[in-house]
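Enquirer: below is the sequence, then the predicted model.
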Amino acid sequence: MSTSAALSNKVEAQPDLAAVKQRQHGAWSSGDYAVVGTTLQIVGEQLCEALDLRAGSKVLDVAAGNGNATLAAARRWCDVTSTDYVPALLKRGRERAAAEHLMIEFREADAEALPFADASYDVVLSTFGVMFTPDQDKAASELARVCKSGGKIGLANWTPQGFIGQLFKTIGKHLPPPAGVKSPALWGTTARLEEMFGSQASEIAAEPRMFVFRYRSPEHWLEIFKSFYGPMLKAFAALDQTDQAALRRDLLALLGEFNHADDGTVVVHSEYLEAVISKR
């Protein structure tokens, strides 16, 4: 193969990250992620404790969804800004904050181009959010950029081997992701965190944790995720009836592998990586 042909193939292999982002925006804007997101509240609380948040700290929640980590930080008397690129999710966060009479700034923002000055925040958070950005390195650099020297970046990311990591792998067998796009679950590995943050971190402390999904039955779990979890909703919508049935069988089989319940309900332990990155 000639050098020019090799270079051409290399260029062709590069994913169109802007197009991927647009599709992802459509996925997360569909359904109502807040229905699922609300069940994950404990993760935000635990992350804030892992960070040893101090009252009065200036905190940024990136790709905040409906505000789990946002609320957790505000409950600890922090000065919180909550951001997401899906306005409907910010609206749900505002409603939750208003119900608790919490003073929080909500702002639409792209995790890969945060509209904040360098070193603006003492702590930067993201729970199951920034991990889904198409340009992982750009998003990581943005988190580090807006975090003060001596500050902390706190992350909760699904692992490749955990339930949600395997869920996306299962969906990918039926609807392959765009070629060249890195798996979001890489954020759930210490090796990838070292690659993205190592040069700007004085310490990366990462521990595997478990979140427990609890649903009334396997069918109840599938109906909730298929109706409200954008990526799964979009996956089913893209398949014909035969392929939908096959995906449904595979998802229920996966759930069965992880389900600890023996009474017909769902008790699924899903591993995630909790990381506290200290900024140089």
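Expert: Thanks, I have it. Numbering: from 1, shown residues only.
Enquirer: all strands for the stretch 51-200 of the chain, in order.
Expert: Taking DSSP state E, counting those that start in this stretch, the strands of the stretch 51-200 of the chain run over residues 58-61, 79-84, 104-108, 121-127, 147-158.
Enquirer: what lines up beside the third one in the sheet?
Expert: It stands for strand 104-108. strand 79-84 (parallel) (DSSP bridges).
Enquirer: so the strand it pairs with versus strand 121-127, what angle?
Expert: Counting by axes from the mean of the first three to the mean of the last three C-alpha atoms, to 10 degrees, strand 79-84 points 40 degrees away from the direction of strand 121-127.
Enquirer: tell me the mean pLDDT for strand 79-84?
Expert: Across strand 79-84, pLDDT averages out at 98.
Enquirer: what lies in contact with it?
Expert: With C-beta atoms under 8 Å, 6 or more residues apart in numbering as the test, strand 79-84 has contacts from 56-65, 67, 70, 73-74, 90, 93, 104-109, 111, 114, 116, 121, 129. Heads up, the C-betas are built off the backbone N, CA and C, glycines and all.
Enquirer: could you do stretch 43-50 as well?
Expert: Outside stretch 43-50, the residues touching it (C-beta under 8 Å, 6+ apart) are 68-73, 76, 125, 127-128, 154-156, 207, 209, 211, 272, 274, 276.
Enquirer: from what I can see Ile164 touches His269, true?
Expert: No - contact between Ile164 and His269 fails when scored by C-beta atoms under 8 Å: they sit 11.1 Å apart.
Enquirer: would you reformat the strands of the stretch 51-200 of the chain as JSON lines and include distance to Ser199?
Expert: Output for the strands of the stretch 51-200 of the chain, formatted as JSON lines (distance: least, C-beta to C-beta, whole Å):
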{"stretch": "strand 58-61", "distance to Ser199": "21"}
{"stretch": "strand 79-84", "distance to Ser199": "24"}
{"stretch": "strand 104-108", "distance to Ser199": "28"}
{"stretch": "strand 121-127", "distance to Ser199": "17"}
{"stretch": "strand 147-158", "distance to Ser199": "13"}
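Enquirer: out of those strands, deepest packed?
Expert: strand 121-127 (a mean of 28; mean count of other C-beta atoms under 10 Å).
Enquirer: how close does the closest residue to Glu108 other than its chain neighbours sit to His25?
Expert: Computed as C-beta to C-beta, 6 or more residues apart in numbering, the closest residue to Glu108 that is not its neighbour in sequence is Pro87, at 5.9 Å. Applying C-beta to C-beta, to the nearest Å, the value for Pro87 to His25 is 11 Å.
Enquirer: who has more neighbours out of the two?
Expert: It is His25, of Pro87 and His25, that has more neighbours when counted by other C-beta atoms under 10 Å, with 14 against 10.
Enquirer: I'd assumed Val86 was in contact with the more buried one.
Expert: Yes - His25 lies in contact with Val86 (C-beta under 8 Å); the separation is 7.0 Å.
Enquirer: biggest helix in this structure by residues?
Expert: Longest helix of the chain, by residue count under DSSP state H: helix 241-258.
Enquirer: got the contact list for it?
Expert: 163, 166-167, 170-171, 173-174, 218, 221-222, 235-236, 239, 266, 268-270.
Enquirer: if we use 10 Å, what do you get?
Expert: For helix 241-258, contacts defined as C-beta atoms under 10 Å, 6 or more residues apart in numbering pick out 162-164, 166-167, 169-171, 173-175, 213, 215, 218-219, 221-222, 225-226, 232, 235-239, 259, 266-271.
Enquirer: now do stretch 162-169
Expert: Contacts of stretch 162-169 (C-beta under 10 Å, 6+ apart): 128, 132, 157-161, 177, 183-186, 188-189, 208-213, 225, 229, 231-232, 235, 250-251, 254-255, 257-259, 268-273.
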